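S.K.: sharing a sequence plus its predicted fold:
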Amino acid sequence: MTAAASAVARGEAAFRAARRRKRSAALLGAAILLGCFLLSAWIAEADPATLRAGLPRIGEYFRRILPTLRWEVLFAGTGTEGSLAFWFYRLDSWALLLWETAQMAALATLTGFAAAALLAFPAARNLAPGPLAYHLARRSLEGLRTVPDLVIALILVWAFGVGPLAGILAIALHSTGALGKLFAEAIENADLGPWEGVRAAGGSWAQACRFAVLPQVLPNLLSYGLLRFEINLRSASVIGFVGAGGIGEELYTAIASNYYEEVSAIVLLIILAVACVDLLSERVRHRVIGAMEGAR
Amino acid sequence: MLELQGLTRRFGTVTAVDAVSLAVPDGQMVGIVGRSGAGKSTLLRMVNRLTEPSAGRVLWDGRDITALRGRALRDWRADCAMIFQQFNLVQRLDVLTNVLIGRLNRRRGPLAGLTGLLGLFTAEERARALGLLDRFGLAEAALQRAETLSGGQQQRVAICRALMQEPKVILADEPIASLDPANAEAVMQALRQANREQGLTVLCNLHQIEVARAHCDRILGLRQGRVVFDGPPAALDAEREEAIFGDTAPAAPGPSGPARAPAPPGAALVR
């Protein structure tokens, strides 16, 4: 056997052994995953029988909240039963509440964005000025992110009273935690050559963040911020459940009092609003990124 | 005068720079040559403390640089401008702002921190920066993003940033390793010009010995972190060149010996 042939044979054998190892590792992993899945289903009492029994009732609820519309009078006035206007009989006040909800989401997103941008730099592993600042920033972001905004809102309603302020603050705090982690990850992926350039020119830590890192990550941050705005609009729609402003309070009342047709009307309005924001922010996001990527 | 005394840096078990002592008179242009991993970059980066020495001292006019902290350290870094192989410009910022970054440390006054962060530079600062760019034939590109420039142009912008610091020393870490020959020559000329006209001390890492011969007053040969040659270009004969670059080294590590890898960029990143 020539030297080349034996090298090929040895390489092939090594390749097969490596493939065998990988395959058995993958099999083992899949078995463990399946075990965990069954165990958690058993503990959480996720029973297929209950699922089968309950599923039709979901459909039943949807049938109940469906409005009774009649073709003949579809475009008649508020007083006529079966018309669109009768279904959306409080459209004016709902629209106002929806507008308020959107304002809440916007304010909360802006506040959260600013706070997250400040906390993300010390929370980025590659830039943190020291272990203390790093852990402080990381842990506070985790804390803010872990507590659901609905729970924060409950506490803030107790402190500030019923109204949108509590809702805005609650969503802003939660957004800070959620955005801060994403921002920190974007910063960790930044090229550190410019950072060294600014530091070597005698720039301070803050100056290096501002001049070397921010220009690199800004399009990313804005994109995350707009995405968060969509999420926050949904959040702001339900945060009224605990009295923290917006259309949620109205929705909660409708659900609790079994005003079935009102539930469907409000939910439809929220879905429409979220879809609008989705479309709009998608455009803005592409524009912003395009403008930043462009000018080449 | 810049003095290094027993300067040493270890990465784990590997000694990248091994007790280098050196005195560089003001206004000298020193070419530091050696193979990849000889410790050239680490040596340079210890002078402005982007890499902290494990032992030894750096002195500037008798002042101990290795003891500086905070503001004083940043001031020293502004005094010894660094030029990098990869230019280290901020690609998304325009050329003018990149040059003005060399000014960040020089701003004084109660509002300097804030205006610096906001990027509010004065008309004089802009005029200085534009003047420098003009000197290097880049005035037309002042408002373009750095990333739109060729490598040679970017390195000249980096030299403008360095000169904007009004430094006393220039540390050039493989400034021409990423450039084509014509651009490399232009960059070396620019460094030589700064050295001659402004009397700046220049330490320049190179791996092409001919470039060092052509442009430097003094050549320092590094091998495995130790100085194996120190003298004028004329004294560097074939035998001594072999001592720096050759395969048969004094006490060369065997095939299983530790690779003297240079610090990966950012590995010993300054906080």
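M.R.: Looks like it arrived, so ask away.
S.K.: just the mean pLDDT for the helix or strand hosting A:Arg199, thanks.
M.R.: Taking DSSP states H and E as the criterion, A:Arg199 maps to helix A:193-200. For helix A:193-200, mean pLDDT rounds to 92.
S.K.: any residue of whatever helix or strand comes next after that helix up close to chain B?
M.R.: Using DSSP H and E, the helix or strand that directly follows helix A:193-200 along the chain is helix A:205-208. Yes - shown here: helix A:205-208 in contact with chain B (CB under 8 Å from any CB of the partner chain) through A:205-207. All C-beta spots, glycine's among them, are computed from the backbone N, C-alpha and C.
S.K.: helix or strand right after the one helix or strand in chain B whose mean pLDDT sits lowest?
M.R.: The weakest-scoring helix or strand in chain B, judged by mean pLDDT, DSSP states H and E, is helix B:112-118 (a mean of 74). Next along the chain after helix B:112-118, taking DSSP H and E as the criterion, comes helix B:123-135.
S.K.: how far off centre is that following helix?
M.R.: In terms of CA atoms, centre = their mean, to the nearest Å, the centre of helix B:123-135 is set 22 Å apart from its chain centre.
S.K.: right, is it up against chain A?
M.R.: No - using CB under 8 Å from any CB, helix B:123-135 never reaches chain A; the gap is at least 12.8 Å.
S.K.: for A:Asp47, report the pLDDT, please.
M.R.: 82.
S.K.: which residues touch it?
M.R.: A:Asp47 is in contact with no residue at all, counting by CB atoms under 8 Å, 6 or more residues apart in numbering or on different chains.
S.K.: any idea how far chain B is from it?
M.R.: Here the criterion is CB to the nearest CB, to the nearest Å. By it, A:Asp47 lies 53 Å from chain B.
S.K.: quick check on that residue: phi, psi?
M.R.: phi -100, psi 130 (degrees, to the nearest 10).
S.K.: how close does it sit to A:Thr2?
M.R.: Noted for A:Asp47: a distance of 66 Å to A:Thr2, by CB to CB, to the nearest Å.
S.K.: ok, now A:Gly290?
M.R.: A:Gly290 is 58 Å from A:Thr2, by CB to CB.
S.K.: ok, back up a step: list the contacts of the least confident helix or strand of chain B.
M.R.: Residues contacting helix B:112-118 (CB under 8 Å, 6+ apart): A:204, A:206-207, A:210, B:104, B:107.
S.K.: quick one, which of these are buried?
M.R.: Listed as buried from these are A:204, A:207, A:210, B:104, B:107; burial here means 16 or more other CB atoms under 10 Å in any protein chain shown.
S.K.: show me where chain A has its helices.
M.R.: A:3-43, A:48-65, A:84-87, A:91-123, A:131-146, A:149-160, A:164-188, A:193-200, A:205-208, A:214-238, A:248-256, A:260-293 (DSSP state H).
S.K.: check the stretch 151-271 of chain B too.
M.R.: B:151-164, B:181-198, B:209-215, B:238-245 (DSSP state H, counting those that start in this stretch).
S.K.: one step back: can you list the helices and strands that the helix holding A:Arg199 packs against?
M.R.: Packing contacts for helix A:193-200, counted by 3 or more CB pairs under 8 Å, 6 or more residues apart in numbering or on different chains; DSSP states H and E, involve helix A:205-208, strand B:80-83.
S.K.: which of these is buried the deepest?
M.R.: A comparison of the helices and strands packed on helix A:193-200 by mean neighbour count, using mean count of other CB atoms under 10 Å in any protein chain shown, puts strand B:80-83 on top with a mean of 27.
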